[in-house]
Structures are given as C-alpha cells and as structure tokens.
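>>> Predicted coordinates and the sequence they were generated for:
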Amino acid sequence: MPSTPVTAANSSSNGTAEEILLELVDEDGNTIGTAEKLSAHQAPGRLHRAFSVFLFDETGRLLIQRRALGKYHSPGVWSNTCCGHPYPGESPFAAAARRTHEELGISPSLLAQAGTVRYNHPDPDSGLVEQEYNHLFVGMAQSALRPDPEEVGETAFVTPDELAERHARAPFSAWFMTVLDAARPAIRELTGPAAGW
C-alpha cells in the first residue's frame, strides 16, 4: 500500500475560507442562500452543498489523499480522492471535475453521479462542523497525478483491505466513511465485483 508524498511546486489561488461563498440548501437540496465558507462551518454549522469524488485505477484501487497540514479544516488526515464545495450557481459535477484538477492535476474520466448523502459531522479538533448535502461522484484516474502541495500532503491507491488497514491505524476525515458507504453501489458498478468494494 505505497503512499506518494507530494513535493510538486504548484500554487493554489483559491482564496481564503472567509472569501469563498458556499450555497446554503434546505433538507431537499434546494438553494436557499449563500454564506462565507468559514461561517458555514462554525458550530452548529449551516447546511450547505458539497461534493465528494472517488476515483479508481484500472485494477479497482481507490485513490485517497492525506489533506495538507496547512488546511484550516481537518489538516493531515486521510480522506477520499477529492471533496469540496461548488461555487454558488456552479453545478456539483463541474465543481467536482474542477477541484479534482486543481488539487490532483488530473481530469477524471468516466465521472458519474453516485447519489447524495446528508450528514452532520463535528470535528472535535477544530470545533468546526460539516453540515452538508453532499453530491457523490465516481470515476477513473487514468493519468499521472500532479498534486498541489498546498492542498494534498500525500496520495495512495488502496484496495479495500489496504483501506481497512490504513483506516484502523491512521486518522481519517470525519465524513469519510459516511460518503464512502453512500457511494458503494456506484463504486461496485464502476469497479466490478472482483475489486471487492
């Protein structure tokens, strides 16, 4: 289960958490307004639109990333391939493709919707709250990664068994298992039964 530390010298110009606006939504996912990113994550949290991406290689291994240590929310923990928030008015699909390229330097192929999941996950370390209506996507990673070190500390492709082993010994994002479990039907459809997801 090899990991690849990020040493690339890409630069990120995504603005600070106080400058970025998120879409606030109701329980059905309908847009009801906007809020600054940081304020939307401050306890008790405001329900907002998000996305999570799960990319796989040709052998059915999942690409996971360790979030960069400089991130304000959940730094240094492992999580799914990519996650984030659409800009107000931006489709979740477009946001997922955009952020995957910004964070990992690749354009996902066969990217497909995998449903939605709503959750409320407090982060005990930062006191921030993930109160999200999350759009899920699955696809393939078929080109060389070029991670942005301001976003990604490390990457790894893992089998289900390798993921379970890593999850037992390393910190993961509070939302990881929720989004993975919600995406499993689409993951199995993409990777096939032999991959074991």
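On my side now, so go ahead.
>>> how about the lengthiest helix in the chain as CSV, C-alpha atoms only?
The helix of greatest length in the chain, counted in residues with DSSP state H as the criterion, is given as helix 176-191. Extracted as CSV, the C-alpha positions of helix 176-191 are listed here (Å, rounded to 0.1, in the frame of the first residue of the first chain):
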residue,chain,number,x,y,z
PHE,A,176,-15.0,9.7,5.0
MET,A,177,-16.9,6.5,6.0
THR,A,178,-20.3,8.2,5.5
VAL,A,179,-19.6,9.3,1.9
LEU,A,180,-17.8,6.0,1.1
ASP,A,181,-20.7,3.9,2.3
ALA,A,182,-23.2,6.1,0.4
ALA,A,183,-21.2,5.8,-2.8
ARG,A,184,-20.6,2.0,-2.6
PRO,A,185,-23.4,0.9,-5.0
ALA,A,186,-22.0,3.2,-7.7
ILE,A,187,-18.4,2.1,-6.8
ARG,A,188,-19.3,-1.5,-7.3
GLU,A,189,-21.0,-0.8,-10.6
LEU,A,190,-17.8,1.0,-11.8
THR,A,191,-15.2,-1.4,-10.5
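>>> Tell me which residues are up against it.
Residues outside helix 176-191 that contact it (CB atoms under 8 Å, 6 or more residues apart in numbering): 52, 54, 56, 60, 62, 78-80, 83, 110, 112-117, 119, 121, 134, 136, 138-140, 167, 195, 197. In this view, the C-beta of every residue, glycine as well, is placed from N, C-alpha and C.
>>> I'd assumed A114 was in contact with F93.
No. If you go by CB atoms under 8 Å, F93 and A114 don't touch, sitting 11.1 Å apart.
>>> Same drill for these two, tell me which one is more crowded.
Remark: of F93 and A114, A114 carries more neighbours, 23 against 15, as counted by other CB atoms under 10 Å.
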